[in-house]
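Undergrad: Please find the sequence and the predicted model below.
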Amino acid sequence: MTASMPAPVTTTATVVALASYPVKGCAGTALGQAVLTPAGLAHDRAFMVVDDEGVFRSQRKDPLLATIRPAVGADGALLTLRAPGAGEVVVEVDTTGPRRGVEMFGLPYRAVDQGPEAAAWLSEVLGAPSRLVRVPPEHDRVTDGLTPGTSGWADSSAVHLLSRSSLALLDAKLAERGAEPLPVNRFRPNVLVDGWDEPHTEDRLRRFAIGDAELAYAKLAVRCAVTMVAQESGTKAGPEPLRTLASYRRAAAGGVVFGAKFSVLRPGKLSVGDELSVGEWGEPEG
């Protein structure tokens with residue numbers, strides 16, 4: 001993985017979609033432009049839904065999270081949650097309230113509870129006691145990978161990038177099995193790029209710039225059961241894509257991989273239409 005390693009034979013990649021996911025596990029918000037912070041796109045996974053024990057809720061067990069559509073104001077002061085048949089709730093975001101313990105993937109963190117109104121609304125929508133929490137300003141979670149970084153409540157690294165060529169190859173393999181193509185929202189990327197002829201070229205990115213920002217490779221994106229949830233309806237619709245991905249995208253360390261995760265080296269602004277300026281390529285991980 002050196003700077004002298006030749007680039008793939010490919011065309012230039014361009015950002016064709018940006019998405020932030022203000023509430024972990026809930027629907028994404030499409031963006032034309034965004035500010036990239038050290039923890040990812042502004043407001044991305046800043047909020048999280050937890051149960052009455054403080055353990056995070058995920059589409060793995062609570063697929064109805066996918067039907068909740070958050071909208072956060074540009075300054076982050078107001079968060080609006082909407083869901084079919086449930087109307088909406090407007091949350092005045094609290095960053096200074098008492099800290100409470102929460103748990104994500106068995107690890108303890110501190111968070112700021114966002115109050116009883118949001119809790120009651122979420123509990124009704126999900127059919128189980130739930131609370132909404134936010135990362136506190138002092139949140140200093142460190143993520144792992146080839147390039148360590150930080151993030152809010154994302155599963156791992158700050159930014160998830162996927163290419164259309166990778167999705168096109170998966171859709172072709174699904175068609176061979178008689179299955180329908182899948183929308184990109186099954187994979188919940190922050191950045192979708194187009195222009196690479198070779199699928200999974202993102203696996204080789206090691207250092208690149210978009211707009212004013214610069215990112216570096218952390219790890220491949222290991223896929224889970226969330227990819228089997230139909231995002232529009234919040235219903236489990238497996239076994240695809242995991243069944244097909246397992247036939248050609250198994251990682252040596254275990255699991256199936258699709259897309260790549262990146263840490264932020266330099267914050268900045270980025271927009272749909274920006275070209276990727278690649279400073280370093282590497283060999284894909286096994």
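TA: That came in fine, so what should we check first? Numbering: from 1, shown residues only.
Undergrad: quick one, helices of the stretch 51-200 of the chain?
TA: Secondary structure of the stretch 51-200 of the chain, counting by DSSP state H, counting those that start in this stretch: helices at 116-126, 164-176.
Undergrad: Ok, which of the ones you listed comes nearest Thr12?
TA: Distance to Thr12, taken as CB to CB, is lowest for helix 164-176 among those, at 12.9 Å. C-beta: built from backbone N, CA, C; applies to glycine.
Undergrad: Report the buried residues of that closest one.
TA: 164-167, 169-171, 173-174 (16 or more other CB atoms under 10 Å).
Undergrad: cool, and stretch 259-271?
TA: Under 16+ other CB under 10 Å, the buried positions of stretch 259-271 are 259-265, 268, 270.
Undergrad: before we move on, the earlier item: just the closest of the buried residues of helix 164-176 to Ile210, please.
TA: Arg164 (15.8 Å).
Undergrad: quick one: pLDDT of the closest one?
TA: On the pLDDT scale, Arg164 is placed at 98.
Undergrad: again, but for Ala158
TA: For Ala158, pLDDT reads 97.
Undergrad: For the chain, give me the ranges with low pLDDT.
TA: 1-10 (pLDDT under 70).
Undergrad: ok, 50 please
TA: Counting by pLDDT under 50, the chain has low-confidence residues at 1-4.
Undergrad: Excluding chain neighbours, what is closest to Arg164?
TA: Spatial nearest neighbour of Arg164, excluding adjacent residues (CB to CB, 6 or more residues apart in numbering): Asp194 at 4.3 Å.
Undergrad: To what extent is Arg207 buried, counted in neighbours?
TA: 18 (other CB atoms under 10 Å).
Undergrad: what residues are up against it?
TA: 214-217, 265, 278-280 (CB atoms under 8 Å, 6 or more residues apart in numbering).
Undergrad: which among those residues end up buried?
TA: 214-217, 265, 278, 280.
Undergrad: Tell me which two of those residues sit farthest apart.
TA: Longest span within the buried ones among the contacts of Arg207, CB to CB: Leu265 and Val278, 13.4 Å.
Undergrad: For the stretch 1-150 of the chain, which segments are assigned as strands?
TA: Here the stretch 1-150 of the chain has its strands, by DSSP state E, counting those that start in this stretch, at 14-20, 29-31, 33-37, 40-41, 47-50, 69-72, 78-83, 87-92, 99-104, 107-113, 131-134, 142-143, 149-150.
Undergrad: Name the surrounding residues that touch the fourth one.
TA: Strand 40-41 is contacted by residues 18-20, 31, 34-35, 151-152, 154, 158-159, 190, 264 when judged by CB under 8 Å, 6+ apart.
Undergrad: what do you get if the cut-off is 6 Å, keeping everything else the same?
TA: Identification of contacts with strand 40-41 by CB atoms under 6 Å, 6 or more residues apart in numbering yields 20, 34, 151, 158-159, 190.
Undergrad: That strand pairs with which strands, and in what direction?
TA: The pairing partners recorded for strand 40-41 under DSSP bridges are strand 33-37 (antiparallel).
Undergrad: So for the partner strand, what gets flagged as buried?
TA: 34-37.
Undergrad: Return the residues in contact with the residue nearest to Ser166 when sequence neighbours are not counted.
TA: Using CB to CB, 6+ apart and skipping residues adjacent in sequence, the residue nearest Ser166 is Pro199, 4.6 Å away. With contacts defined as CB under 6 Å, 6+ apart, Pro199 is in contact with 165-166, 169.
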